[in-house]
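Trainee: How does the following fold in three dimensions:
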Amino acid sequence: MRIISGALKGKRFFPPKKFPSRPTTDLAKESLFNILDNRVYFEKLEVLDLFAGTGNVSLEFLSRGVGKLISIDSHFVSNRFQEKLKRELDLKNWLIYKQDAIKYLENATGQFDIIFADPPFDFKDTNNLPALIFDKNLLVDDGILVVEHGQETNMSHCVNYKLTRNYGGVYFSFFEKD
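Mentor: Got it, this is the predicted structure:
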């Protein structure tokens, strides 16, 4: 795992063996951030990373200077690894919570500039994430929701869908408020 851009560019991290999640590949991550780089100015944004796993995508946002980042993951090993990285890199604006992502969304208040969700590819409720997020009004008016998923998931019928991009078997579906 490496950080591809920003203040932490080039830093490498190694999750423990048998880590319980699948990190986003460098190719897919670089492609995602190329799209976002053309749409947003990262400094001071508030970002929510659901199903954060290794914290791989969270670190990319933090490296680019977001103001606040909240990572949500229900797995103890994921949270412990993220907390270790937070301490090593002295990232005070990174809030890490051990919680089920859906329960977090159901109780969340406030709004985010970007919400990134990377549920397990076999997660049954992936297509329900956009409706839950938009029903709870969790994005600012020009906010962006990005959902990472596998090829077996088609999100084009979901609320506020805009487009899907494919990078080596990793798919990103983008959503915005109408």
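
Trainee: From what I see, R165 and F172 are in contact.
Mentor: Yes: counting by C-beta atoms under 8 Å, R165 does reach F172; the two are 5.1 Å apart. All C-beta atoms are positioned from the backbone trio N, CA, C, and that covers glycine.

Trainee: When these two are compared, which one has more neighbours?
Mentor: F172 (23 against 15; other C-beta atoms under 10 Å).

Trainee: picking that back up, for R165 and F172, list the residues in contact with both.
Mentor: 31-32, 35 (C-beta atoms under 8 Å, 6 or more residues apart in numbering).

Trainee: Go through those and name the one nearest A7.
Mentor: Comparing the shared contacts of R165 and F172 against A7 with C-beta to C-beta places L32 closest, at 18.4 Å.

Trainee: Could you look up the SS state of that closest one?
Mentor: Put simply, L32 is helix when judged by DSSP: H, G, I helix; E, B strand; the rest coil.

Trainee: Just list the residues touching it, thanks.
Mentor: By C-beta under 8 Å, 6+ apart, the contact set of L32 is 24, 57, 146, 148, 165, 167, 172.

Trainee: Let's see that with 7 Å instead.
Mentor: 146, 172 (C-beta atoms under 7 Å, 6 or more residues apart in numbering).

Trainee: And it, how far from F123?
Mentor: From L32 across to F123, the span is 19 Å (C-beta to C-beta, to the nearest Å).

Trainee: now do G67
Mentor: 29 Å.

Trainee: With respect to K11, which of the shared contacts of R165 and F172 is nearest?
Mentor: For those, the nearest to K11 is L32 (18.3 Å; C-beta to C-beta).

Trainee: pLDDT value on the closest one, please?
Mentor: L32 carries a pLDDT value of 97.

Trainee: What of the one 10 residues further on?
Mentor: The confidence metric pLDDT takes the value 97 at F42.

Trainee: For it, list the residues it contacts.
Mentor: Listed by C-beta under 7 Å, 6+ apart, the contact partners of F42 are 61, 64-66.
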